[in-house]
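Visitor: give me the fold of what follows.
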Amino acid sequence: MMKKRKGYDVYPLTAAQKFHFFYLDYCPNKAVVNIGTSLTIEAELDFDVLRDSILKAYERSESMRLQFAKDKEGVWYQYVVDEVKQEIPLEDFSQTTMEEAEKTMRKWTQVPFKREDSPMSRMVMIKTPDGFSGVYLLADHVIMDAQSLICFLKDIIEIYCSRMYENVPWPKDMASYIEKLKKDLAYEAGSKAKARDEEFFHKMIESSEPIYNGIDGTAKLEMERDRRNMPNLRAAVNVSDSVESDLDTFHLEGEPTKRLMDFCKEKQISLTCLLLMGLRTYFQKMNGNDDVSINTAIARRATLKEKKCGGTRIHSFPFRTVISQDKKFMDALLEIRDQQNELFRHANYDPVAYFAHRGQVYQNPQGCTYEPMSLTYQPMTLKEKGLEQLGDIRYKTKWYPNGATTQAMYLTVMHRPEDNGLDFNFEHQVKAVSRKQLEYMYYYLCKIMFKGIENPNLPVGDILKLV
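Guide: The predicted model follows:
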């Protein structure tokens with residue numbers, strides 16, 4: 001067992017990190033764990049001050065200084081180095097086109113990091129052809145998720161603003177990543193909380209078997225049953241033989257987004273609940289099953305310290321609902337809310353252990369699953385705090401695909417900076433799901449959600465007839 005690395009204390013991986021290492025092992029394209037994003041604002045920036053602000057943000061964030069090492073047995077460990085030694089170059093795209101600039105940043109996003117004893121992120125300052133300036137950030141998923149990414153970028157902006165403008169306060173300190181890591185490891189080491197969570201999930205898994213629902217009907221499941229001569233099989237292979245992926249984004253305007261948000265606020269449910277309701281009802285429509293299961297990501301950032309400690313904390317679990325067509329839309333939403341709250345209470349449990357236990361219970365053929373997709377809703381935006389001191393300066397954020405995914409379809413819903421409208425980002429295996437299928441699904445997802453919030457007391461079956 002490793003105790004020290006280069007004089008630094010080493011720690012085992014958390015369950016969330018193990019999950020990334022787990023699918024990384026199987027994926028031929030090692031850029032599958034890359035997250036590439038840019039943040040640009042419509043302002044002239046002082047790049048020397050920006051460079052110093054970036055380095056200061058690294059200094060303030062333990063998780064951004066994480067490195068990894070393998071012991072003789074091949075077990076991975078992590079440690080935090082004192083400083084990030086990297087150049088922060090300036091790339092001037094202002095004389096090219098937006099297409100060329102984006103093509104270059106896509107290329108950057110598709111280069112995997114060296115795994116061992118190496119920084120797991122890199123930053124480039126950029127000037128774009130549309131007169132905006134800012135940063136491009138590439139990070140490995142084992143040190144960062146969407147919330148910590150936003151938190152880190154916000155810190156850079158706040159440090160920069162504090163240095164550039166009078167009366168802008170210095171940002172409050174980040175929380176310690178190591179402190180949170182130790183808590184996670186204590187939980188994993190046979191705590192009572194872990195035993196309670198395990199009991200909860202085992203009971204849930206063993207209660208009854210879910211069923212696979214396809215994006216455009218039951219064909220995949222029926223094909224699987226025929227192929228294996230297993231007429232009662234309830235799971236199917238959802239992925240293709242290629243991990244090559246693309247990112248297709250659909251935009252919901254600011255005004256309709258506000259209608260959804262207002263409804264959620266009034267009824268005291270989260271937008272995640274409404275999205276889950278919309279998606280499961282879509283699959284119900286396409287497959288004729290009341291029983292629908294999709295994966296949902298839980299950020300595990302309830303406390304301020306969890307919000308500001310960085311790292312990767314997402315755990316993803318199947319979210320199964322059995323909702324009959326005669327149940328009112330609103331009652332179904334409340335059922336989803338209660339079920340989500342229950343899931344949150346047990347969300348520290350290791351998702352890999354969850355899937356392993358489910359596999360033992362139902363003994364499905366290898367590669368078969370019940371879930372056609374995964375959902376993440378990202379409520380946190382840069383708009384909240386940190387940019388208001390810039391007044392009405394416009395800014396843009398953009399995600400760049402890394403070119404690979406081990407899932408057939410992963411939907412991330414986020415707010416757009418320009419108008420707070422929603423972007424539906426579908427990362428999908430090119431050979432498993434087509435853009436045309438996604439367009440169809442997105443169209444009906446929106447129809448179901450809007451018909452539902454306009455007629456919350458109508459039964460689900462009637463909503464389906466209206467769309």
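Visitor: so which residue is smack in the middle of this protein?
Guide: Thr376 (5.1 Å; Cα atoms, centre = their mean).
Visitor: now that one: which helix or strand?
Guide: Per DSSP states H and E, Thr376 falls inside strand 374-378.
Visitor: how far does that strand sit from its chain's centre?
Guide: Relative to the centre of its chain, strand 374-378 is centred 6 Å away, using Cα atoms, centre = their mean, to the nearest Å.
Visitor: direction included, what does that strand pair against?
Guide: Using DSSP bridges, strand 374-378 pairs in its sheet with strand 291-298 (parallel), strand 409-415 (parallel).
Visitor: which one, of those, ends up nearest to Asp246?
Guide: Between Asp246 and these, the shortest separation by Cβ to Cβ is 11.0 Å, and it involves strand 409-415. Heads up, the C-betas are built off the backbone N, CA and C, glycines and all.
Visitor: got the contact list for the closest one?
Guide: 146, 215, 257, 271, 275, 279, 372-379, 381, 383, 421-429, 432-433, 438 (Cβ atoms under 8 Å, 6 or more residues apart in numbering).
Visitor: and these, which of them are in helices?
Guide: In helices, judged by DSSP state H, the following of those are found: 146, 257, 271, 275, 279, 438.
Visitor: distance of the fifth one from Val460?
Guide: Pointing back at Leu279 there. 13 Å (Cβ to Cβ, to the nearest Å).
Visitor: circling back to that earlier point, ok, and the closest non-adjacent residue to the residue nearest to the centre of the chain?
Guide: Ala297 (4.1 Å; Cβ to Cβ, 6 or more residues apart in numbering).
Visitor: count of neighbours near that neighbour?
Guide: 22 (other Cβ atoms under 10 Å).
Visitor: dig out what it forms beta bridges with.
Guide: Assessed by DSSP bridges, Ala297 has beta-bridge partners Ser316.
Visitor: quick one, strands of the stretch 251-400 of the chain?
Guide: For the stretch 251-400 of the chain, applying DSSP state E, counting those that start in this stretch gives strands covering 291-298, 315-322, 368-369, 374-378, 395-400.
Visitor: next, format these as TSV and append mean pLDDT and distance to Phe201.
Guide: As requested, these are exported to TSV (pLDDT from 0 to 100; distance: least, Cβ to Cβ, whole Å):
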stretch	mean pLDDT	distance to Phe201
strand 291-298	97	13
strand 315-322	97	8
strand 368-369	96	17
strand 374-378	92	18
strand 395-400	87	31
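Visitor: pipe the ones you listed into JSON lines and attach distance to Thr40 per row.
Guide: Output for the strands of the stretch 251-400 of the chain, formatted as JSON lines (distance: least, Cβ to Cβ, whole Å):
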{"stretch": "strand 291-298", "distance to Thr40": "27"}
{"stretch": "strand 315-322", "distance to Thr40": "30"}
{"stretch": "strand 368-369", "distance to Thr40": "38"}
{"stretch": "strand 374-378", "distance to Thr40": "19"}
{"stretch": "strand 395-400", "distance to Thr40": "5"}
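Visitor: for Ser53, find the nearest of these.
Guide: Shortest distance between Ser53 and these, using Cβ to Cβ, is found for strand 395-400: 15.5 Å.
Visitor: all strands of the stretch 1-150 of the chain, in order?
Guide: Using DSSP E, counting those that start in this stretch, strands in the stretch 1-150 of the chain cover 4-5, 8-9, 11-12, 34-41, 66-70, 76-80, 90-92, 121-127, 133-140.
Visitor: which of the ones you listed is buried the deepest?
Guide: Neighbour counts (mean count of other Cβ atoms under 10 Å) averaged over each of the strands of the stretch 1-150 of the chain peak at strand 133-140, with a mean of 23.
Visitor: so where's this protein shaky on pLDDT?
Guide: 380-392 (pLDDT under 70).
Visitor: on that earlier part again, just checking, the residue nearest to the centre of the chain touches Ile294?
Guide: No - using Cβ atoms under 8 Å as the test, Thr376 is too far from Ile294 to be in contact (11.3 Å).
Visitor: OK, contacts around Ile178?
Guide: 11, 62, 80.
Visitor: was I right to think the first one contacts Tyr77?
Guide: I take that to be Tyr11. Yes - judged on Cβ under 8 Å, Tyr11 makes contact with Tyr77 at a distance of 6.5 Å.
Visitor: who touches stretch 87-106?
Guide: So stretch 87-106 is contacted by 36, 38, 47, 51, 54-55, 123-131, 136, 398, 400-401, 403 (Cβ under 8 Å, 6+ apart).
Visitor: distance between the ends of it?
Guide: 20 Å (Cα to Cα, to the nearest Å).
Visitor: now do that stretch: distance to the chain's middle.
Guide: Counting by Cα atoms, centre = their mean, stretch 87-106 comes out at 25 Å from the chain centroid.
Visitor: burial of Asn457, as a residue count?
Guide: Using other Cβ under 10 Å, Asn457 has 9 other residues around it.
Visitor: could you look up the SS state of it?
Guide: Following DSSP: H, G, I helix; E, B strand; the rest coil, Asn457 is assigned to coil.
Visitor: which residues are in contact with it?
Guide: Shown in contact with Asn457 (Cβ under 8 Å, 6+ apart): 328-330.
Visitor: isn't Glu179 right next to Lys305, touching?
Guide: Yes - assessed by Cβ under 8 Å, Glu179 is found in contact with Lys305 at 7.4 Å.
Visitor: of the two, who's got more company?
Guide: Lys305 (14 against 11).
Visitor: for that one, which non-adjacent residue is closest in space?
Guide: In space, Lys305 is closest to Ala175, 4.2 Å off (Cβ to Cβ, 6+ apart).
Visitor: find the helix or strand that that neighbour is a member of.
Guide: Going by DSSP H and E, Ala175 is not in any helix or strand.
Visitor: in the stretch 51-200 of the chain, which spans are helices?
Guide: Assigned by DSSP state H, counting those that start in this stretch, the stretch 51-200 of the chain shows helices spanning 98-109, 146-164, 177-188, 192-207.
Visitor: which phi and psi does Gln268 have?
Guide: With angles defined as degrees, to the nearest 10, Gln268 sits at phi 60, psi 50.
Visitor: which ones are touching Glu179?
Guide: Glu179 neighbours (Cβ under 8 Å, 6+ apart): 305, 309.
Visitor: what about it, distance to Val142?
Guide: Applying Cβ to Cβ to Glu179 and Val142 gives a distance of 19 Å.
Visitor: the closest residue to Thr109 other than its chain neighbours: what's it in contact with?
Guide: Spatial nearest neighbour of Thr109, excluding adjacent residues (Cβ to Cβ, 6+ apart): Gly36 at 3.0 Å. Taking Cβ under 8 Å, 6+ apart, we find Gly36 in contact with 105-106, 108-109, 136-138, 399-402.
Visitor: include distance to Gly311 when you put those into a markdown table, please.
Guide: Shown next, in a markdown table, are the contacts of Gly36 (distance: Cβ to Cβ, whole Å):
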| residue | distance to Gly311 |
| --- | --- |
| Met105 | 24 |
| Arg106 | 26 |
| Trp108 | 23 |
| Thr109 | 20 |
| Tyr136 | 21 |
| Leu137 | 15 |
| Leu138 | 17 |
| Trp399 | 19 |
| Tyr400 | 22 |
| Pro401 | 23 |
| Asn402 | 19 |
